[in-house]
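Undergrad: Here is my input; please provide its structure:
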Amino acid sequence: MSSLLSADVDTADVRKARGAFFTPEAITRFISDWAIRNSDDLVLEPSTGDAAFLVSAVERLRRLSGEAAEAPRVDGVEIHASSAHTARSRIEEAGGIPHITISDFFRVKPQPRYSAVIGNPPYIRYQDFTGESRTRSREAALKVGVSLTALASSWAAFTVHSALFLKPGGRMGLVLPAELLSVNYAAAVRQFLFDKFRSIELVLFKEQVFPEAEADVVLLLADGFGEGPTDHATIHQAKDASALATMDLPLRWTPPDPAGKWTGLLVNADAIEPLRSLKEAGHFTHLEAWGDTTLGMVTGNNKFFALSPARVAELGLTRRDLIRLSPPGSAHLRGLELSNTQMTSLGHEGRATWLFRPSESLSPAARAYVETGHRAGVDQAYKCRVRKPWYRVPLLPAADLLLTCMNADTPRLTTNSAGAHHLNSVHGVYLREEDKALGRELLPLASLNSITLLNAEMVGRSYGGGILKLEPREADVWAMPSPHLIRDRETQLRTVKTKVGRLLQQGKLTDAVHLVDQALLLDSGVITEDAVKTVRDAHRNMTARRVTRGRSGR
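TA: Below is the predicted model:
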């Protein structure tokens, strides 16, 4: 990465490597106007780039002081020399005096003297955010008690470090990934913001602002540094950057736990209340109460290890060379059950329903296939290279239920009647012994209720293309009907099970959910029609928002 940063020409690849996505003028102007209150405010942009924010800051300062006043000074930090040169020129053209430091921001010691810190921190995912800069970033955050995990992307430490340049009462306006609201590693950042600032405002967008970044963003407007804590945030929504002047009416939102996920702020309190009441009454719980959710197996090379029946026959492999496998992906897991019959059909369609995992004593066909993999370099893939022997994938027991983790509509639980093993394209749920029979038969069906679907949108996270992702830790807290409620309604659920299965085969998820709502919730009297309608409306709005943002990013 250092060679990229020292390049004379600032190319798209160089900008992407350091997480730079330049910001629309509508946003830089909006944040500058919010953050800069007086003509003598001292302003810092810690990731200056081409000075889009500092140009807006100069314009704001000149408007506040009058065009004839002395040229305002603005400060910045920029790691890339070519960008810093461009930034200085643009600030001077706008009528300002630039003070740009060329440095890694985490090398700059905080001086708490700025009235406003504004900008768009670099967004580098943890896989690419490595080396000394990463180490320094975590050390900087730790100095103020913010402990970041190894999974944290660059913006998290950047946000904390930026705040330390504010004088008491100062303001911070940043463009941040929407990960701020939902990812586990941002918990410490969320707590820091609520602890340190007098007020927090968030601006959410209904459409993507940075399609090239493949990530949603929020605007963080944090006021009154050192004057916290606060107990609530004010939420605004805008269609896109051009609609910031005509945002929806603000909403006051108080999180149960500032460190917890903030996805609840997207849901009307009336839609959250039914789940709270049902949990309190023992009718709902979370998935972890049913059992353990785990990641699937990692082969290191699915093309080599996951085989179709036709390929197995071609290679002459024997049954002792193979393990029954739910094919890679999850498109086949949209119903209530993965059965032996369905596995046979998938195999006839050419899907990989077998995992190559030979016994310790290799058959002649297995030995030949291992040698083929060796010649092709499969054994040099990281996951293969670190295990002995390289061709024996670490085996997990067949799960009771399979859970789809990447979803265009909603996560699905599927009964694993075929006893197939699963790869890391899905999760496995291992039910507790006392609830195993009930859970295998009815939990996938009962989970298709409106409350569980809404909660999935709240505990999961939105990815590019409008996909909802659910990791095991998030699945653990996903709201589920309790064993008590399902036992109480098992006759009614069995009555609708076949029809729900047919509706799912036809792609009629909404109709299937309505049937489950009736059998599980409404006929039992644990919730009213009006409450279910409120929950359904909230789920529809959250799903539409996720899908719309995904489409706007294509």
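
Undergrad: Can you give the domain ranges for the protein?
TA: 2-266, 267-296+400-554, 299-328+337-395 (automatic domain parsing).

Undergrad: mean pLDDT lowest for which of those domains?
TA: Of all those, the minimum mean pLDDT falls on domain 2-266 (a mean of 86).

Undergrad: how far out from the middle of the chain is that domain?
TA: Relative to the centre of its chain, domain 2-266 is centred 20 Å away, using CA atoms, centre = their mean, to the nearest Å.

Undergrad: so can I have TSV of the domains of the chain showing mean neighbour count?
TA: Placement of C-beta: from N, CA and C, glycine included. Compiled in TSV, these are given as follows (neighbours: other CB atoms under 10 Å):
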stretch	mean neighbour count
domain 2-266	19
domain 267-296+400-554	19
domain 299-328+337-395	17
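
Undergrad: Run through the bridge partners of the residue nearest to the spatial centre of the chain.
TA: Note on the chain: the residue nearest the mean C-alpha position is residue 461, at 3.6 Å, using CA atoms, centre = their mean. Under DSSP bridges, the beta-bridge partners of residue 461 are residue 469.

Undergrad: list the contacts for it?
TA: 179, 182-183, 468-469, 471, 474 (CB atoms under 8 Å, 6 or more residues apart in numbering).

Undergrad: just the strands in the stretch 351-500 of the chain please.
TA: Using DSSP state E, counting those that start in this stretch, the strands of the stretch 351-500 of the chain run over residues 354-356, 401-404, 406-407, 413-415, 426-431, 461-463, 467-469, 479-481.

Undergrad: Format those strands as CSV; extra columns: distance to residue 61.
TA: What follows is the strands of the stretch 351-500 of the chain, written out as CSV (distance: least, CB to CB, whole Å):
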stretch, distance to residue 61
strand 354-356, 64
strand 401-404, 52
strand 406-407, 46
strand 413-415, 56
strand 426-431, 52
strand 461-463, 37
strand 467-469, 42
strand 479-481, 49
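
Undergrad: Identify whichever of these lies nearest to residue 40.
TA: Closest to residue 40 of those is strand 461-463 (CB to CB; 41.3 Å).

Undergrad: what packs against the longest strand anywhere in the chain?
TA: In terms of residue count, the longest strand belonging to the chain (DSSP state E) is strand 166-177. Counting contacts by 3 or more CB pairs under 8 Å, 6 or more residues apart in numbering; DSSP states H and E, strand 166-177 is packed against helix 25-35, strand 114-119, helix 154-163, strand 217-225.

Undergrad: Okay, angle between the shortest one and strand 166-177 too, please.
TA: Put plainly, it is strand 114-119. 10 degrees (axes from the mean of the first three to the mean of the last three CA atoms, to 10 degrees).

Undergrad: now swap in the longest one and tell me
TA: In terms of direction (the same axes, to 10 degrees), helix 25-35 departs from strand 166-177 by 160 degrees.

Undergrad: Quick check: what element follows helix 25-35 along the chain?
TA: Per DSSP states H and E, the first helix or strand lying C-terminal to helix 25-35 is strand 43-45.

Undergrad: who touches that following strand?
TA: Against strand 43-45 from outside (CB under 8 Å, 6+ apart): 35-36, 51, 53-54, 57, 61, 74-77, 114-119, 162, 165.

Undergrad: if we can go back for a sec, and of the strands of the stretch 351-500 of the chain, who's closest to residue 199?
TA: Smallest distance to residue 199 across the strands of the stretch 351-500 of the chain (CB to CB): 26.0 Å, for strand 461-463.

Undergrad: gap between that closest one and the chain center?
TA: Per CA atoms, centre = their mean, the displacement of strand 461-463 from the mean C-alpha position of its chain is 4 Å.

Undergrad: show me where the stretch 151-300 of the chain has helices.
TA: Along the stretch 151-300 of the chain, the stretches classed as helices by DSSP state H, counting those that start in this stretch are 154-163, 179-182, 187-196, 269-280, 287-290.

Undergrad: you'd agree residue 52 is up against residue 25?
TA: Yes: using CB atoms under 8 Å, residue 52 is in contact with residue 25, at 6.9 Å.
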